[in-house]
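Visitor: turn this into a structure:
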Amino acid sequence: MADRRLTPFSYTVLVLVGRGGAGPHDLVRMMRQGRVYWAAAESGYYAELKRLAALGYLAAERGPGRTTERTHYTLTEAGLEALCEWAGTPCPLPRMQNEAVVRVLGADLVGPEPVLRGLEGLRAELDEADARLDAGEATIPSLPHRARELRLVHRLGRSIVRVHREWLDEVERELGRPAATPAGPS
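Guide: Purely as a prediction, here's the structure:
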């Protein structure tokens, strides 16, 4: 029997399908733009759409695509009810898997030089995140029913990127200087 539980990822998919519905390719595009908020394998979106449709939370309709038929998903009444119930439950602190933090913690084991080298690419990723946020913000006029919410979410995204830049500056300053040696007995 299929797992009937809804996970945080399930709710993410239901919200992204939204009022007008969406196809798997739409969700993957949205995920790429919003990676700063939620990261998952592209294949996961495809699988979760099918699972939620099988559970009755989404309706699936086949239609023509550019080269092959495409599936378009829309929220069912059960999907909307599940979202309404979930939205009112207490929201936990966001889960984070921040590899940069783990690298910095390991600097006392491997030394600061390899850690600083490993963090060099983070600035380019932050630039890419800013570009994705720019692209996402450019779509706001085409989604007037969600404009307020998108603006709020994009402000959070900008803050997350800014804080990471500031933290990276601090790490580079701190790890770039020699470690303080504990004072011996006087």
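
Visitor: SS state for Leu14?
Guide: Put simply, Leu14 is helix when judged by DSSP: H, G, I helix; E, B strand; the rest coil.

Visitor: shift numbering so it begins at 867
Guide: With 867 as the first residue, the last one maps to Leu880.

Visitor: hey, where'd the helices end up in the chain?
Guide: Read by DSSP state H, the chain holds these helices, from start to end of the chain: 874-883, 890-899, 908-920, 943-953, 965-971, 973-976, 978-985, 988-1004, 1013-1042.

Visitor: buried stuff in the lowest-mean-pLDDT helix or strand in the chain?
Guide: Each helix and strand of the chain was given a mean pLDDT (mean pLDDT, DSSP states H and E); the minimum falls on helix 890-899 at a mean of 80. Across helix 890-899, burial judged by 16 or more other C-beta atoms under 10 Å covers 890, 892-897, 899. In this view, the C-beta of every residue, glycine as well, is placed from N, C-alpha and C.

Visitor: just want the angle from it to helix 874-883.
Guide: 110 degrees (axes from the mean of the first three to the mean of the last three C-alpha atoms, to 10 degrees).

Visitor: sorry, back to before: lowest average pLDDT across the helices of the chain?
Guide: For these, the weakest mean pLDDT is recorded on helix 890-899, namely a mean of 80.

Visitor: the domain parsing of this structure - what is it?
Guide: For the chain, automatic domain parsing gives the domain ranges 874-950, 965-1042.

Visitor: closest to Pro958 out of those?
Guide: Checking these against Pro958 by C-beta to C-beta gives domain 874-950 as the closest, at 8.8 Å.

Visitor: now, of the domains of the chain, which is deepest in the fold?
Guide: domain 874-950 (a mean of 16; mean count of other C-beta atoms under 10 Å).

Visitor: gap between the two ends of it?
Guide: 14 Å (C-alpha to C-alpha, to the nearest Å).

Visitor: mind listing what Tyr925 touches?
Guide: For the record, residue 925 is Ala, not Tyr. 919, 939-942 (C-beta atoms under 8 Å, 6 or more residues apart in numbering).

Visitor: pipe the domains of the chain into TSV and attach distance to Pro958 per row.
Guide: Output for those, formatted as TSV (distance: least, C-beta to C-beta, whole Å):
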stretch	distance to Pro958
domain 874-950	9
domain 965-1042	16
